[in-house]
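Asks: got a predicted model here, sequence first, then my questions.
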Amino acid sequence: MPETTPAFDYIVVGAGSAGCVLANRLSEDGQNSVLLLEAGPRDSYPWIHIPIGYAKTMFHPVVNWGFYTEPEPTMNGRKVYWPRGRTLGGSSAINGLIAIRGQREDYDAWAAAGNAGWSYDDVLPWFRRLEHNVRGASEWHGAEGPLWASDIDTPHPLVEAMIAGAHELGIPRNDDFNGPVQEGAGYYQLTTRRGRRCSTAVAYLRPARDRGNLRVETSAHATRVVVEQGRATGVSYRQEGVDKTVTARREVILAAGALQSPQLLQLSGIGPPELLQSLGIAVQHGLPGVGENLQDHLQARAIFRCTQPITTNDALRTLGGKLRIGLDYFLRNAGPMAVGINQGGIFARAMPGATRPDVQFHFATLSSDMAGSPVHTFSGFTMSVCQLRPTSRGRVRVRSTDPLAPPAMQPNYLSTPEDRATMIAAVRLARKLAATKAMRPYVESEYRPGTDAQSDDELLEFVKNTGGTIFHPSGTTKMGPASDPLAVVDPKLRVHGVRGLRVVDCGIMPTLVSGNTNVPVVMIAERASQMILSTEEH
């Protein structure tokens, strides 16, 4: 029999980018008891907190779920590696640290689709609330929030050349991608604080840990939402081999991410009826959209050999180089260890007729075969390119009733002509940038895709054979009105047809935002916290 534990007002499943925010805000006034469940361990692994430690956590078997997609027919049958955070802070503890909000039009489209309260003007105050921007407060930025947004203080000659080369192509310099206009080339701001990672566990959970009304349980893998008479009343979870059940007096809030929140809903009998019935799961509430609408940013890594030994590859190649960057970090909280992988970025229009940026560049002063793998032995740099708003749609579905088994993830990358054409155009834009007057002095040769790949078909094969995720799976618990057949939650993030149950994570995005997803998820959780605390129905 499952062990029953005391009741709480709110149970939050998943201590990731959203869950840590919820735990803080819901327990803030001391009136509500909150239980936060995290399947992974505490965030005590030292490399989590050092920005360049991204490479150390990318394949870590304890703090990373290490998922793989199903074989992708559109990617020549490859299984694509999907890392996801499995520790306090979730993916914000292992991500690339880039602070991006997306474009105004992304959020206005959410509102236009029937989601009142989610336009850009509606969400901007919440972006400002969450932010501690080192540049200070402004119309666009906050300076008093928990999540830091820090500048890269030391210019790099390769990034400067990239910005100048982009200007040659008509792409302006942009010193604030989260200001009035996203389009342009510049340095990213990072979610770091004085040279250390500012995950949501650091920003939100750590200040709240000593509250008597907040309980945090790690190594606690949620296995089922308990639903009684159409209402979520609790959560079952497994901790150190013991099955436990805890009661929620007010709400259960799933913040397990776009892969595991729909998995947990399906295991709990909430999802596509035919899928649940085929696995012998009793249907509590039929919701066809649970696990559907999966979207992700696919990236292709254009890699170039550099003419000068100024790359991070060079710094990491020798013991002396490693000592120098280590001393720079531990004495000054500066240098490559303080900024992670990608320093520069571009938001540009690659397709003819595009009215706003449709591709994003992540510019790294190092090169490797894939994110987190060992750097090359030559001086190299990388322009990773992605389509900002893919039209391909996939799904996440449980394979069995085993709650510890990963779900089947099928993103269906490149399944539309628009996606294929945009990725080809993005790779061609990277080549044009490398050929500019500003960049040419630094380019010895193109390592990947290589000069043999010239036609559209050859470039598409390059993307299929080497492309990977930028770690932004979204959309699987879509927000929308009840009239939308694939909507899972309403604009207040309440699960349609099940009382006392919400989803608050990347899965609720109807469409993927134009950029990195971590900061938008923090905004969603801030917004949701206010909705939860102000609701009249408990």
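Replies: That came in fine, so what should we check first? Numbering: from 1, shown residues only.

Asks: the longest strand along the chain packs against which elements?
Replies: Using DSSP state E to assign secondary structure, the strand with the most residues in the chain is strand 242-254. Packing partners of strand 242-254 (3 or more CB pairs under 8 Å, 6 or more residues apart in numbering; DSSP states H and E): strand 3-13, strand 220-228, strand 231-239, helix 257-267, strand 501-503, helix 518-534. Every residue, glycine included, has its C-beta placed from N, CA and C.

Asks: list the contacts for Trp47?
Replies: Contact partners of Trp47, counting by CB atoms under 8 Å, 6 or more residues apart in numbering, are 53, 56-57.

Asks: same question, Ile281
Replies: Ile281 is in contact with 266-267, 269, 401, counting by CB under 8 Å, 6+ apart.

Asks: from these, list the buried ones, please.
Replies: The neighbour-count criterion (16 or more other CB atoms under 10 Å) marks 266-267, 269 among those as buried.

Asks: can you put the residues you listed in TSV and add pLDDT and distance to Asp176?
Replies: As requested, these are exported to TSV (pLDDT from 0 to 100; distance: CB to CB, whole Å):
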residue	pLDDT	distance to Asp176
Gln266	98	41
Leu267	98	43
Gly269	98	46
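
Asks: out of those, the closest to Gly475 would be?
Replies: Among the buried ones among the contacts of Ile281, Gln266 lies closest to Gly475 (CB to CB), at 15.6 Å.

Asks: measure the closest one to Asp484 for me?
Replies: The gap separating Gln266 from Asp484 is 19 Å, by CB to CB, to the nearest Å.

Asks: need the nearest residue in space to Ala405, chain neighbours excluded.
Replies: Setting aside the residues directly before and after it, Ala405 is nearest to Arg399 in space (CB to CB, 6 or more residues apart in numbering), at 6.1 Å.

Asks: shaky segments in this protein?
Replies: By pLDDT under 70, the weakly predicted segments of the chain are 1-5, 536-538.

Asks: 80 - rerun?
Replies: Counting by pLDDT under 80, the ranges of the chain that qualify are 1-5, 371-372, 535-538.

Asks: what segments of it are helices?
Replies: All helices of the chain, identified by DSSP state H, fall at 19-27, 54-57, 104-112, 120-130, 157-168, 200, 257-267, 273-278, 312-317, 319-332, 336-339, 417-434, 456-466, 518-534.

Asks: packing partners of the third one?
Replies: Right, helix 104-112. On a contact count with 3+ CB pairs under 8 Å, 6+ apart, helix 104-112 meets helix 120-130.

Asks: centre of the chain to the helix it packs on, how far?
Replies: In terms of CA atoms, centre = their mean, to the nearest Å, the centre of helix 120-130 is set 18 Å apart from its chain centre.

Asks: that one - contacts with which helices or strands?
Replies: Using 3+ CB pairs under 8 Å, 6+ apart as the test, helix 120-130 ends up in contact with helix 104-112, helix 518-534.

Asks: relative to Glu70, which of the contacts of Ile281 is nearest.
Replies: Comparing the contacts of Ile281 against Glu70 with CB to CB picks out Gln266 as the nearest, at 16.0 Å.

Asks: tell me the contacts of the closest residue to that closest one other than its chain neighbours?
Replies: Distances taken as CB to CB, 6+ apart place Val398 nearest to Gln266, at 4.7 Å, with adjacent residues excluded. Val398 is in contact with 263, 266-267, 275, 279, 405, 407-408, counting by CB under 8 Å, 6+ apart.

Asks: need the helices and strands packed on helix 120-130 in a markdown table with mean neighbour count and distance to Met383, can you?
Replies: Formatted as a markdown table, the helices and strands packed on helix 120-130 follow (neighbours: other CB atoms under 10 Å; distance: least, CB to CB, whole Å):
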| stretch | mean neighbour count | distance to Met383 |
| --- | --- | --- |
| helix 104-112 | 19 | 23 |
| helix 518-534 | 23 | 21 |
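
Asks: kindly reformat those as JSON lines containing distance to Asn95.
Replies: Shown next, in JSON lines, are these (distance: least, CB to CB, whole Å):
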{"stretch": "helix 104-112", "distance to Asn95": "19"}
{"stretch": "helix 518-534", "distance to Asn95": "6"}
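
Asks: which one of those lies nearest to Leu22?
Replies: Closest to Leu22 of the helices and strands packed on helix 120-130, according to CB to CB: helix 518-534, at 5.4 Å.

Asks: got the angle for that closest one vs helix 19-27?
Replies: 30 degrees (axes from the mean of the first three to the mean of the last three CA atoms, to 10 degrees).

Asks: what helices or strands is helix 518-534 leaning on?
Replies: helix 19-27, helix 120-130, strand 242-254.

Asks: looking at these, which is buried most?
Replies: Among the helices and strands packed on helix 518-534, ranked by average contacts under mean count of other CB atoms under 10 Å, first place goes to helix 19-27 (a mean of 28).

Asks: tell me what that one is packed against?
Replies: Using 3+ CB pairs under 8 Å, 6+ apart: helix 19-27 touches strand 3-13, strand 34-37, helix 200, strand 214-217, helix 518-534.

Asks: go through those and name the closest to Leu501.
Replies: Judged by CB to CB, the one of those that comes nearest to Leu501 is strand 3-13, at 10.2 Å.

Asks: show me what that closest one is packed against.
Replies: When contacts are defined as 3+ CB pairs under 8 Å, 6+ apart, strand 3-13 packs onto helix 19-27, strand 34-37, strand 231-239, strand 242-254.

Asks: the second one: partners in the sheet, and parallel or antiparallel?
Replies: Meaning strand 34-37. Looking at strand 34-37 with DSSP bridges, its partner strands are strand 3-13 (parallel), strand 214-217 (parallel).

Asks: shouldn't Cys506 be in contact with Val522?
Replies: No: with contacts counted by CB atoms under 8 Å, Cys506 stays clear of Val522, the gap being 10.7 Å.

Asks: picking up where we left off before, can you tell me which of the contacts of Ile281 lies closest to Arg196?
Replies: Using CB to CB, Leu267 comes nearest to Arg196 of the contacts of Ile281, at 36.6 Å.

Asks: now do stretch 122-141: distance to the chain's middle.
Replies: Centroid separation for stretch 122-141 versus its chain: 20 Å, with CA atoms, centre = their mean.

Asks: distance check, Pro41 against Ala258.
Replies: Remark: distance between Pro41 and Ala258 (CB to CB) = 22 Å.

Asks: Ala164 too?
Replies: Note on Ala164: its distance to Ala258, by CB to CB, is 37 Å.

Asks: who has more neighbours out of those two?
Replies: Ala258 (29 against 15; other CB atoms under 10 Å).

Asks: dump the residue contacts of the nearest residue to that one once chain neighbours are set aside.
Replies: Counting by CB to CB, 6+ apart, Gly507 is the residue found nearest to Ala258 once chain neighbours are left out, at 3.9 Å. Residues in contact with Gly507 (CB under 8 Å, 6+ apart) are 257-258, 261-262, 474-478, 488.

Asks: give the contact list for Ala487.
Replies: Taking CB under 8 Å, 6+ apart, one finds 289, 478-481, 496 in contact with Ala487.
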